[in-house]
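Novice: Prediction below, plus the sequence it came from.
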Amino acid sequence: MTDTSLLYVTFPDAAEARRVAEAVLNERLAACVNILGPCASLYRWEGKLETAEEVPALFKTRPMLARRLRGRIAELHSYDLPVIEAWPVEAGEAVTGWIARET
């Protein structure tokens, strides 16, 4: 098994998730983006409890590109404070090779 990076990001809607996904895929910063179904988010913002429906997305990339990918997603994201979490994950060599070829 080899390392890869997975970035988890929530968006206000599927259209924005798709727009950002297409941009970073075209820029070869990610090999794949999985846009998931809407979820309920509850969070504290500026002293108040907020709720929203958001669309999460998973971005698959090489560890050496994770920081650049995070910065680019932040540039394209509409939120004042986009939460972009990066997790190291293990993937099989075939998957890791595919990610390397596509990024």
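Specialist: Everything's here; your move. The structure presented is a predicted model; accordingly, all values stated were derived computationally and were not measured. Numbers count the residues shown, from 1 in each chain.
Novice: how about the CA coordinates for stretch 38-52, as CSV?
Specialist: Written as CSV, here are the backbone C-alpha positions of stretch 38-52 (Å, rounded to 0.1, in the frame of the first residue of the first chain):
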residue,chain,number,x,y,z
PRO,A,38,-26.3,16.7,0.4
CYS,A,39,-25.8,16.6,4.1
ALA,A,40,-27.1,18.5,7.1
SER,A,41,-24.4,20.7,8.7
LEU,A,42,-24.7,22.2,12.2
TYR,A,43,-22.0,24.5,13.3
ARG,A,44,-21.2,27.6,15.4
TRP,A,45,-20.5,30.7,13.4
GLU,A,46,-20.0,34.2,14.9
GLY,A,47,-21.4,33.2,18.3
LYS,A,48,-24.6,31.5,16.9
LEU,A,49,-25.7,28.0,16.1
GLU,A,50,-26.2,27.6,12.4
THR,A,51,-27.6,24.9,10.2
ALA,A,52,-27.2,24.5,6.5
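Novice: got the contact list for that stretch?
Specialist: Surrounding stretch 38-52, the residues in contact under the criterion CB atoms under 8 Å, 6 or more residues apart in numbering are 10, 12, 14, 53, 54, 55, 56. All C-beta atoms are positioned from the backbone trio N, CA, C, and that covers glycine.
Novice: Where does the prediction get shaky in the protein?
Specialist: Within the chain, the ranges that satisfy pLDDT under 70 run 1-2.
Novice: all helices of the protein, in order?
Specialist: With DSSP state H, the ranges of helices along the chain come out as 14-26, 66-76, 93-102.
Novice: any idea which strand is longest in this structure?
Specialist: For the chain, the strand that runs over the most residues, judged by DSSP state E, is strand 48-61.
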